[in-house]
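*Asks:* Sequence first, then the predicted structure, then my questions.
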Amino acid sequence: AIRVSSTMANRTDPLAAAVHGTNPQYLVENIVRQKIYEQMYWKEECFALTPDSLLEKAVALRCIGGTYGGQRKATNFLCLVLKLLQLQPDREVVYEYIANEDFKYVRLLGAFYLRLVGSAKEIYEYLEPLYHDFRKVRRLDADGTYRLVHVDEVVQEMVLSKEFLYDTALPRLPARHTLVSAGGVKPRQS
């Protein structure tokens, strides 16, 4: 019998660039990463994914969330976020995820990934249009219950109101008015 090392599947692409001065996977807390590595979904479904095959898994998502339940199991959404951090797809691929109007969970996966790795200008430019997406999505809360929220609420949490979302610390984001006064982004049109 051939024994495959489980650490191979947990490594970042050697060609991946550092994000915010660190290995992209380290944007997810160590304990959460370990929980993800233990998930059967990670071991069976996320092994050997490419950016293209990851899209197929993202289309099959049925909820968003971090970890849940007594054992704090990671959601499939969080597993795919970590896989995106490992793979570091081209920005154009991520922008296409965000622009996808047919699959709301693909859109949110791309948005959350961009929130973790993108520049402030990119985040405001690509995530603010999602404030007009009022579709309902299922969120799996920490206690294991589902709750209906809207896409625009989730994006507002990513951009404005939360420093910690889905058991992941969000990188600091400068206030929009600061970027507007510095000429980094255009004033917001309502």
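*Replies:* That came through fine.
*Asks:* Which secondary structure elements does the helix or strand of the chain with the lowest mean pLDDT sit against?
*Replies:* Least confident helix or strand, the chain: helix 176-182 with a mean of 78, by mean pLDDT, DSSP states H and E. Under the contact definition 3 or more CB pairs under 8 Å, 6 or more residues apart in numbering; DSSP states H and E, helix 176-182 sits against helix 120-127. Heads up, the C-betas are built off the backbone N, CA and C, glycines and all.
*Asks:* Now tell me what touches the helix it packs on from outside.
*Replies:* Residues from elsewhere that reach helix 120-127, judged by CB atoms under 8 Å, 6 or more residues apart in numbering: 91, 95, 98, 111, 114-115, 118, 155, 158-159, 173-174, 176, 179, 184-185.
*Asks:* partners of the helix or strand that that helix is followed by in the sheet?
*Replies:* Toward the C-terminus, helix 120-127 is succeeded by strand 136-140 as the next helix or strand (DSSP states H and E). If you go by DSSP bridges, strand 136-140 pairs up with strand 64-65 (parallel), strand 146-150 (antiparallel).
*Asks:* returning to that earlier point: how far is the least confident helix or strand of the chain from where the chain is centred?
*Replies:* Counting by CA atoms, centre = their mean, to the nearest Å, helix 176-182 is centred 25 Å from the centre of its parent chain.
*Asks:* hey, where'd the helices end up in this protein?
*Replies:* For the chain, applying DSSP state H gives helices covering 30-38, 40-45, 51-59, 76-87, 91-99, 104-117, 120-127, 151-156, 176-182.
*Asks:* average model confidence for the fourth one?
*Replies:* In this model, helix 76-87 carries a mean pLDDT of 95.
*Asks:* about what we covered before: include mean neighbour count when you put the helices of the chain into TSV, please.
*Replies:* As requested, those are exported to TSV (neighbours: other CB atoms under 10 Å):
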stretch	mean neighbour count
helix 30-38	16
helix 40-45	14
helix 51-59	16
helix 76-87	23
helix 91-99	17
helix 104-117	23
helix 120-127	18
helix 151-156	19
helix 176-182	13
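*Asks:* do you know which of these lies nearest Tyr166?
*Replies:* Checking the helices of the chain against Tyr166 by CB to CB gives helix 76-87 as the closest, at 5.9 Å.
*Asks:* end-to-end on stretch 150-160?
*Replies:* 15 Å (CA to CA, to the nearest Å).
*Asks:* which one of the helices of the chain lies closest to Ala18?
*Replies:* Closest approach to Ala18 among the helices of the chain (CB to CB): helix 104-117, 10.4 Å.
*Asks:* what's the average pLDDT for that closest one?
*Replies:* Here the average pLDDT along helix 104-117 is 96.
*Asks:* Can I get it in CSV? Just the C-alpha atoms.
*Replies:* The C-alpha coordinates for helix 104-117 follow below in CSV (Å, rounded to 0.1, in the frame of the first residue of the first chain):
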residue,chain,number,x,y,z
LYS,A,104,-24.6,33.6,-4.7
TYR,A,105,-22.2,31.4,-2.7
VAL,A,106,-19.6,31.6,-5.4
ARG,A,107,-19.9,35.4,-5.2
LEU,A,108,-19.5,35.4,-1.4
LEU,A,109,-16.5,33.0,-1.6
GLY,A,110,-14.8,35.4,-4.0
ALA,A,111,-15.7,38.4,-1.9
PHE,A,112,-14.4,36.9,1.3
TYR,A,113,-11.2,35.8,-0.4
LEU,A,114,-10.7,39.3,-1.8
ARG,A,115,-11.4,40.8,1.6
LEU,A,116,-8.5,38.7,3.0
VAL,A,117,-5.9,39.3,0.3
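*Asks:* Alright, calling it a day.
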